[in-house]
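# Dropping a prediction and its sequence here:
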Amino acid sequence: MISWGMVKLFLIPMSWIYGWVVFIRNLLYDMKFFHSEEFEIPVISVGNITVGGTGKTPHTEYLIKLLKSNFRVSVLSRGYRRKSKGFRLVETTSDVMETGDEPLQIKRKFPGAVVSVCENRAIGINTLLNMENPPDVVVLDDAFQHRRINPGINIVLIDYNKPLKEDRLLPAGRLRESRYQLRRANIIIITKCPPEIKPITRRIMAKDVFLFPYQELFFTTMTYGSVYPVFPGAPLPDLFSDTRNRGILLVAGVASPEPVIQHVKKLSSEVETLIFPDHHNYTAEDIQGIIGKYEAMNTHDKIIVTTEKDIAKLVRFDELIEPIKPALYCLPVLVRFLDQEGKLFDKKIREYVGENKSNRELHFRKNRNKS
């Protein structure tokens, strides 16, 4: 029997090779041998240096909520695991296989935002700027390693529960690149924190991420909204104030399912789970398995709870999920900054977007006057 220790011994040399490749690539960008494109439009990147979930989508949605009242917001993603290629605008009616689950989730939650996917973000931004009604600000989802673009603000997310100092580079660990590359970030956010953190813990974490004077460190925690029915006609959320005796089947395909599981267990004493890999592409067999497990639950009063990301893929099977539509509910994930830090973060983002939007408009007016 092969132990994990033996596998790790094999993977560590591969991590060294991977690390050198990433180091040389970053060095070539730092020395300007590779070109990073800058844009007159405000560009905010939300990314991380690890694989797995750090909360990029909830933090991207936080930025949309923050800016959408005063600016025309665009979100540009690569559309992870989509079956299409090139630039595509995402509509609320788009096929999740053509856009990816998270871009479609964002578009359905924020129909007024311009959501698009493109594996080359520089091409994507240029395409957006050539639209008849271009955006005021572009939020890049998962773009810290996409160095073809030099964003105005680089936000990097780190999972509180998975310290970087205890990790290794891929494939022996979860790191996409060295901790040293955090120096490229303007803002570092420690995500998935407990509701309260002691000052000494903050100082230790600031030291662990090599915080530079020009960088700002924030801490956020994940909270959950009330479950809501996916399809019209189901009972309204306010009818779910007492769920202790209601059976819940949790269906989720996320990177870190444990927090969701623990939250749902607070809603009911009768919880069963079906956990799939992150970004799982559901099949007809999966749907039949979900229906079978739901029907086998030994309680008359029961519902199915899933995440907003999973809903985007489950609703593709419209006819297959017909028997469980009235029981299908969604659990939204929200971001909350600790210790009122959100006010400082909000101010920094609004000022950056407002000032750079004004500079861009002034530049265009000058060019029109010259012509």
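The structure has been received and is ready for your questions.
# Point out where the stretch 101-250 of the chain drops to low pLDDT.
234-245 (pLDDT under 70).
# if you set the cut-off to 50 instead, what comes out?
Across the stretch 101-250 of the chain, the ranges flagged by pLDDT under 50 are 237-239.
# in it, which spans are helices?
Taking DSSP state H, counting those that start in this stretch to define them, one finds helices in the stretch 101-250 of the chain at 101-109, 121-129, 199-208.
# out of these, nearest to residue 44?
The closest of those to residue 44 is helix 121-129. By CB to CB, the value is 11.8 Å. C-beta coordinates here come from the backbone N, C-alpha and C atoms, glycine included.
# on contacts alone, who are the packing partners of that closest one?
Here helix 121-129 touches strand 73-77, strand 114-117, strand 137-141, going by 3 or more CB pairs under 8 Å, 6 or more residues apart in numbering; DSSP states H and E.
# Heading C-terminal from the first one, find the next helix or strand.
So the one you mean is strand 73-77. strand 88-89 (DSSP states H and E).
# Pull up the pairing partners for that following strand, direction included.
Strand 88-89 sits in its sheet next to strand 114-117 (antiparallel), going by DSSP bridges.
# what does the partner strand contact?
72-79, 82, 84, 87-90, 99-100, 103, 106-107, 124, 127-128, 131, 135 (CB atoms under 8 Å, 6 or more residues apart in numbering).
# now it: how far from the chain's centre is it?
Mean-position distance between strand 114-117 and its chain equals 14 Å (CA atoms, centre = their mean, to the nearest Å).
# didn't residue 179 look like it was pressed against residue 210?
Yes. Counting by CB atoms under 8 Å, residue 179 touches residue 210, with 6.4 Å between them.
# can I have stretch 136-156 written out in PDB, keeping just the CAs?
Extracted in PDB, the C-alpha atoms of stretch 136-156 (Å, rounded to 0.1, in the frame of the first residue of the first chain):
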ATOM      1  CA  ASP A 136     -16.800  52.300 -16.200                       C
ATOM      2  CA  VAL A 137     -14.800  49.600 -14.300                       C
ATOM      3  CA  VAL A 138     -13.800  46.100 -15.000                       C
ATOM      4  CA  VAL A 139     -13.500  43.500 -12.200                       C
ATOM      5  CA  LEU A 140     -11.300  40.600 -13.100                       C
ATOM      6  CA  ASP A 141     -12.200  37.300 -11.500                       C
ATOM      7  CA  ASP A 142      -9.300  35.000 -10.600                       C
ATOM      8  CA  ALA A 143      -6.600  37.000 -12.500                       C
ATOM      9  CA  PHE A 144      -3.600  37.400 -10.100                       C
ATOM     10  CA  GLN A 145      -1.600  35.000 -12.300                       C
ATOM     11  CA  HIS A 146      -2.800  36.600 -15.500                       C
ATOM     12  CA  ARG A 147       0.100  39.000 -15.900                       C
ATOM     13  CA  ARG A 148      -0.700  40.100 -19.400                       C
ATOM     14  CA  ILE A 149      -2.700  42.800 -17.600                       C
ATOM     15  CA  ASN A 150      -1.400  45.200 -15.000                       C
ATOM     16  CA  PRO A 151      -4.600  46.100 -12.900                       C
ATOM     17  CA  GLY A 152      -5.000  49.300 -11.000                       C
ATOM     18  CA  ILE A 153      -5.800  47.400  -7.800                       C
ATOM     19  CA  ASN A 154      -4.700  43.800  -7.200                       C
ATOM     20  CA  ILE A 155      -6.700  42.100  -4.500                       C
ATOM     21  CA  VAL A 156      -5.400  38.700  -3.200                       C
END
